[in-house]
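Trainee: Predicted model, plus sequence, below.
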Amino acid sequence: MLHLTLLLHLLVLSCTRSGASVIGEVPDFYGDEVTGYGPVFEEQPVDTIYPEESPEAKITMNCRARANPPATYKWKLDHMEIDLNAEGSHYSLAGGNLVISNPDKTVHVGKYSCLATNTYGTVISREASVQFGYLDLFSSEERSSVYVKEGQGAVLLCAPPPHYPAELSFRWILNEFPTFIIPDKRRFVSQITGNLYISKVDSSDRGNYSCIASSPSISKSVFSNYIPLEPQTERPIRKYPADLRVKFPDTTALVGQNVTLECFALGNPVPEVRWKKIDGHLPSNHEVRMTGTQLHLYNVQFEDGGTYKCEAVNSKGKDYHTARVSVEAFPEWVEHISSTEKDLRSDYTMSCKASGKPKPHIRWLKNGEPVDRNEMRFSSLTFDDSGMYQCIAENRHGVIYANAELRVFACAPTFERNPVKRVLAAKNGRVVIECRPKAAPKPAFSWSKDTELLSNSTRVFIWEDGSLEILNVTRADEGRYTCFAENDRGKANSTGDLLVMDSTKITLAPSNTDVKVGENTSMQCAASHDQSLDITFIWSLDGRVIDLHKDSQHYERTTNGSSNGELLIKNVQLKHAGQYTCTAQTPVDNITASAHLVVRGPPGAPGGVRIIEKTDKSVKLQWSRGADNHSPISKYTIQYKDQFSNDVWKNATTFPVNVEGNAEMTTVVDLIPWTDYEFRVIATNTLGTGDPSNPSPIIKTLEAVPVVAPSDVGGGGGASRELTITWTPVKPKYYYGPNFGYIVAFKPQDEQEWKRVAVADPQARRYVHKASDIPPLTEFQVKVKAFNVQGEGPYSLTAIIYSAQDAPAEAPAVVEARALSAKAATVSWMPLSYSNLDGYQVKYWESGQSEGQAETIGVSSRENHTKLENLRPYTEYIIEVRGYNSAGYGPPSHHFRVLTKKPPPDRAPKIIAKKVKGQSINIAWEQVEPMANESSIEGYRVLYRPEGQTTGTLYNTYKRNIDLPLPPNGNYVVEVRAHTEGGDGATTTVQITGGGVSAAQSLSVLSLLFVALLCLNL
């Protein structure tokens, strides 16, 4: 909450008592040398949210006041005073701060306020709430899978757990942390509900989703259980119209706040979201964010209130939503109280006024206690009226405080702090000598000059506040003047001198001047004055003082003597025209002289631009003449901006072509029907072209029949018994009216009568006519034209297209299949003789599965066989073949079954020996024994390759050993695997090192013993 603290001034109430007649008893603190003051808050409690899981088991509510003598403190909870000394109390004071130890939600929630007190009174702080913040865990129940067809939209519900405060932020993760969903045009996370919206689901969306809810107030986040999303394949993928699922509600915002409105739509294609303000333009302080799904309004003002509309559009349709944004305001002071000191028995009124929406309610406190008054009005103040006053303004959005101290005092007159001063006066002028003693009640005043007592006359006046005024001052008025002040508590006097000086006179006055924009000029000004005084020159334009430093670009003072105040005006602009006043000023008097500067330049902006008539292609425009700036207007230029011009103003065509300078109306022609326009007018004279007028209100021209036909008409192809017609759509600017669509006309080449079909979608690019009587590959004439609510436009050029061919009518015959291994098979068939065949589709699936789980392979029409790979070992497959072309698929062949081979053994051969034989090496391995479910061993395959390469020499052998040439150098790898009809088994790898190193590793035991004995003998 906003709290306005008024700094109280130190009130020193020392009064001279000599000669005072004291009546009644005066409180001690109004005596001499009093320097105390009431409490002024320097720190106040603020709203506090205490996390229920906080490791710090205390809450501190701050309160500190400046006061003399120092303040004492009390606290209230929900307007009841807290007993700090109660048994078992959780409360304690640290200075003025309230400390709540081991906070308890059932006891300590509420609104707290601090009272600061000293001998001058009591003030109460703003209220501050204590609440306990929490964010529970999500429900542990499993989330159900969401199944959605590809192309459809999906909504994943977050369902956040119980929490306080209400503000949460939301994010979603996919499969694992921290893979966050990044909102884009297709995906949106509502920061109001937390739900995840996907406008068009595709296969990449498959996965497990978790909602993360975060509470910034207590710095805690929780995760939901995963929600599986399962996109379901659908071919072809259907399209769906825009469907708004996130709609912003009626919203109330406060002046100065930021507001975010949300809209998001499901649909395929992904809809585009557009924003409008129904009763005007979008505010200048708006920003469209998150790819159009959020409208953000910064620093909201009252004029931003109104009805807002979001519209979601795709090629299949549109959806819209409207809601109101109401702007209200926190209380704000228009007038508030301030600390003051008032005389005993005087009248005084404290007044507070506050603005806000709704209108704030005003209430008053004195020393922390309510006062039942709308206005604090005092007549004949007493000492009991002294104290600390608070004015409080509140509405449903908040509360503000204004604090002030009122002191009522009484004392005899004293000039100690404000004696009568020495005064200078100008000859023949006017002078006021002030008399301002401190006194209460208000004293009576009298004056003397030297020894002569003064009284009111035609030249001399004693004012009610004690000041002395003398008119038409002469040298004889010089002397010593004494002011006498007296009340029922005593009297006092003070004396000051009056000196009379020569008056100031203008000796060279400025003269009227006429210039053009961009020229330089000057204003003369000189004056005579009393030589004992300093003189300054001040220039003003139309009553506003010219700041020569700030406006140095255009203004400059000459330095030609102290009595010369000439003003130079450089690069004169239209804004510099007006009355210039030179003021020659001394400490005693001043005198002025004025002259006019006329600036001639380009015309000012015309005003009141409006449309008084409109047709489908023209408007009649009217305006009011702007300032001609002292040069007659020679012509006007009309400009326009429409909904298609990207905010660029363009010159309009008018009738008559030239708009004369004395005109205030013209007709704008060559406009586009059913289009939003705004216009502005620019005036020109011999000195240049002026600024444009404000734009006219936006108007829409009347509707008309379309005149633009679709282009690029063509088509052909498609499915059997179809005629596909395509075109390039007409641009929106040529719709010329609502209910825009297309008339598609077509007929066989040899017929006379055209068939017509209406297509209502203005963005449509094709029409497919389906009929069982359409012959295949037949020549058709086609043409397309536009229509709207006003009628039909012209046809496009006629195009020649062909209807779709028929799908193949025969199924491939003699389908055969043969297993190649445990994972591969080959399929062949008799080719079709159909001339318009694009290819073949081979479909295959396990015999225990449904046909819906089948895999497919496409084969060129030039081939009649293919290979099936990545099959399951020892599994029966069902295979069918069918031909296809652009019209579709033909009938399937008879099903053929094939059983894949058993898999090869999954155990690698075990190497049992490596022996070097001269220039070769012999490698031997154990027999691999297949299991019952594995293929029999037909032999072994040995790959001999350089290390680091994948290719080498492949050997086939039926034996369990092999001789390989020993490499002269480098490292080689030998791979050994069993070979079966089901394929090759697991591989054993042997490292061979060139240059005989491997041979040393392969020596027999006897050879090693011989070498050892030889070494011993040596």
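Mentor: Cool, the structure landed. Residues are numbered from 1 along each chain as shown.

Trainee: nearest residue to the residue nearest to the spatial centre of the chain other than its sequence neighbours?
Mentor: Centroid-nearest residue in the chain, with Cα atoms, centre = their mean: His296, separated by 4.4 Å. In space, His296 comes closest to Glu287 once its chain neighbours are excluded; the distance is 4.6 Å by Cβ to Cβ, 6 or more residues apart in numbering. (C-beta placed from N, C-alpha, C; glycine too.)

Trainee: and the one you found, what helix or strand is that in?
Mentor: Assessed by DSSP states H and E, Glu287 sits inside strand 286-289.

Trainee: same for that strand, what does it pack against?
Mentor: strand 294-297 (3 or more Cβ pairs under 8 Å, 6 or more residues apart in numbering; DSSP states H and E).

Trainee: Buried residues, the strand it packs on. List them.
Mentor: 294-295, 297 (16 or more other Cβ atoms under 10 Å).

Trainee: what's in contact with it?
Mentor: The contact list for strand 294-297 (Cβ atoms under 8 Å, 6 or more residues apart in numbering) reads 253, 258-263, 275, 282-283, 285-289, 304, 308, 310, 325.

Trainee: Please identify the pairing partners of that strand and their relative orientation?
Mentor: strand 259-268 (antiparallel), strand 286-289 (antiparallel) (DSSP bridges).

Trainee: just those: most buried one?
Mentor: Ranked by mean neighbour count under mean count of other Cβ atoms under 10 Å, the strands paired with strand 294-297 are led by strand 259-268, which reaches a mean of 24.

Trainee: distance between that one and the chain's centre?
Mentor: 14 Å (Cα atoms, centre = their mean, to the nearest Å).

Trainee: Quick check: next helix or strand after that strand?
Mentor: strand 272-277.

Trainee: Sort out which residues of stretch 48-60 are buried, please.
Mentor: Buried, per 16+ other Cβ under 10 Å, within stretch 48-60: 48-51, 59.

Trainee: Stretch 641-650 too?
Mentor: 641-642.

Trainee: what residues does it touch?
Mentor: 639-640, 672, 675-678, 680, 692, 695, 732-733.

Trainee: So which bits of the lengthiest strand in the chain are buried?
Mentor: Determined from DSSP state E, the single longest strand within the chain is strand 317-335. Residues of strand 317-335 classed as buried: 318-321, 325, 327-333 (neighbour count, 16+ other Cβ under 10 Å).

Trainee: Output the contacting helices and strands for the following helix or strand past it.
Mentor: Tracing the chain past strand 317-335, the next element assigned as helix or strand by DSSP H and E is strand 340-343. Taking 3+ Cβ pairs under 8 Å, 6+ apart as contact, the helices and strands that strand 340-343 lies on are strand 398-409.

Trainee: quick one: secondary structure of Lys733?
Mentor: Reduced to three states with DSSP: H, G, I helix; E, B strand; the rest coil, the structure at Lys733 is helix.

Trainee: same deal with the one 4 residues further on?
Mentor: Gly737 falls in the coil class when you classify it by three-state DSSP.

Trainee: Can you name the residues that contact it?
Mentor: Counted by Cβ under 8 Å, 6+ apart, Gly737 has contacts 673-674, 703-706, 788-790.

Trainee: Tabulate those in a markdown table, adding columns for pLDDT.
Mentor: Shown next, in a markdown table, are the contacts of Gly737 (pLDDT from 0 to 100):
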| residue | pLDDT |
| --- | --- |
| Pro673 | 96 |
| Trp674 | 94 |
| Glu703 | 95 |
| Ala704 | 96 |
| Val705 | 96 |
| Pro706 | 96 |
| Asn788 | 95 |
| Val789 | 93 |
| Gln790 | 94 |
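
Trainee: Now render those residues as CSV, adding distance to Thr988.
Mentor: CSV is the format used below for these (distance: Cβ to Cβ, whole Å):
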residue, distance to Thr988
Pro673, 84
Trp674, 82
Glu703, 85
Ala704, 86
Val705, 85
Pro706, 80
Asn788, 80
Val789, 83
Gln790, 85
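
Trainee: I'd like the list of those that fall within strands, please.
Mentor: Short answer: these in strands (DSSP E) are Asn788.

Trainee: Which residues does the residue nearest to the centre of the chain form beta bridges with?
Mentor: Going by DSSP bridges, His296 forms beta bridges with Thr260, Glu287.

Trainee: List buried residues within the contacts of Gly737.
Mentor: Among the contacts of Gly737, the ones that count as buried (16+ other Cβ under 10 Å) are 673-674, 703-706, 788, 790.

Trainee: and which of those is nearest to Glu87?
Mentor: Nearest to Glu87 among the buried ones among the contacts of Gly737, counting by Cβ to Cβ, is Trp674 at 82.7 Å.

Trainee: can you pull the contacts of the closest one?
Mentor: Trp674 makes contact with 616, 700-704, 735-738, 788, according to Cβ under 8 Å, 6+ apart.

Trainee: same check, this time on Glu287
Mentor: Residues in contact with Glu287 (Cβ under 8 Å, 6+ apart) are 295-296, 298.

Trainee: so where is the stretch 1-150 of the chain shaky, pLDDT-wise?
Mentor: By pLDDT under 70, the weakly predicted segments of the stretch 1-150 of the chain are 1-35.

Trainee: cutoff 90 now
Mentor: Low-confidence regions of the stretch 1-150 of the chain, defined by pLDDT under 90, span residues 1-36, 53-56, 85-89.
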